[in-house]
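Trainee: need a 3D model of the following:
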Amino acid sequence: MQERIRRVAGAPIFAVARAENLPPSFYDALRSAPQFESVAKSIRGLTLAGQPDGDVIHVVLDAESDSMKNAIELAGVIESLRLIGSMALADPKTRAQMTNEQHALLSAVLNQAKLTHQDNTVRIMLDVTPEMLEAPSGNHAEELLRNP
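Mentor: Below you'll find the model as predicted:
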């Protein structure tokens, strides 16, 4: 844990979490997808660091796996989820259920996030821009309240 903290302690925004001793119930939602459950259980620690740079925040999330094999599998699962997410966003039915802001944010995350892995670690890097964080307009919020 000390090593994980040392890696991110200089960042103004950071979080470190151990994941190897989570209760079995934590993984209950993944039971219907054994491959995802196995990969999730292989994660030993998570490290998040954020570095503001003008209007942008550079965010890095590291997932430390218990083996290189599981790290490669985790990277593959994340890439698969990115592909599925992109296909879902291209579906007009999905698009109709989202605000323009939600669609823009999810599109940016799916298209701009960079994924790498080295040894037992999988890294996701993303630059968060002001456009990604824009709140929906008041008119849309009022419309949702009238027609949920």
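
Trainee: with adjacent residues omitted, what lies nearest to residue 111?
Mentor: Taking C-beta to C-beta, 6 or more residues apart in numbering, and ignoring the residues beside it in sequence, residue 111 has residue 86 as its nearest neighbour in space, at 7.7 Å. Every residue, glycine included, has its C-beta placed from N, CA and C.

Trainee: I'd like the distance from stretch 80-91 to the chain centre, please.
Mentor: When distances are taken as C-alpha atoms, centre = their mean, to the nearest Å, stretch 80-91 is centred 14 Å away from the chain's centroid.

Trainee: and what of stretch 66-77?
Mentor: Once both centres are worked out by C-alpha atoms, centre = their mean, stretch 66-77 turns out to sit 16 Å from its chain's centre.

Trainee: quick one: contacts of it?
Mentor: Residues outside stretch 66-77 that contact it (C-beta atoms under 8 Å, 6 or more residues apart in numbering) are 20, 35-36, 38-39, 42-44, 63, 65, 115-117, 119-122.

Trainee: which residues in the protein form helices?
Mentor: Under the criterion DSSP state H, the chain contains helices at 2-8, 34-41, 68-90, 92-96, 100-112, 138-146.

Trainee: between the second one and helix 68-90, how big is the angle?
Mentor: Computed with axes from the mean of the first three to the mean of the last three C-alpha atoms, to 10 degrees, the direction of helix 34-41 lies at 120 degrees from that of helix 68-90.

Trainee: elements contacting helix 34-41?
Mentor: In terms of contact count using 3 or more C-beta pairs under 8 Å, 6 or more residues apart in numbering; DSSP states H and E, helix 34-41 is assigned the packing partners helix 68-90.

Trainee: list the buried residues in the helix it packs on.
Mentor: Buried residues in helix 68-90, defined by neighbour count with 16 or more other C-beta atoms under 10 Å: 70, 71, 73, 74, 75, 77, 78, 82, 85, 89.
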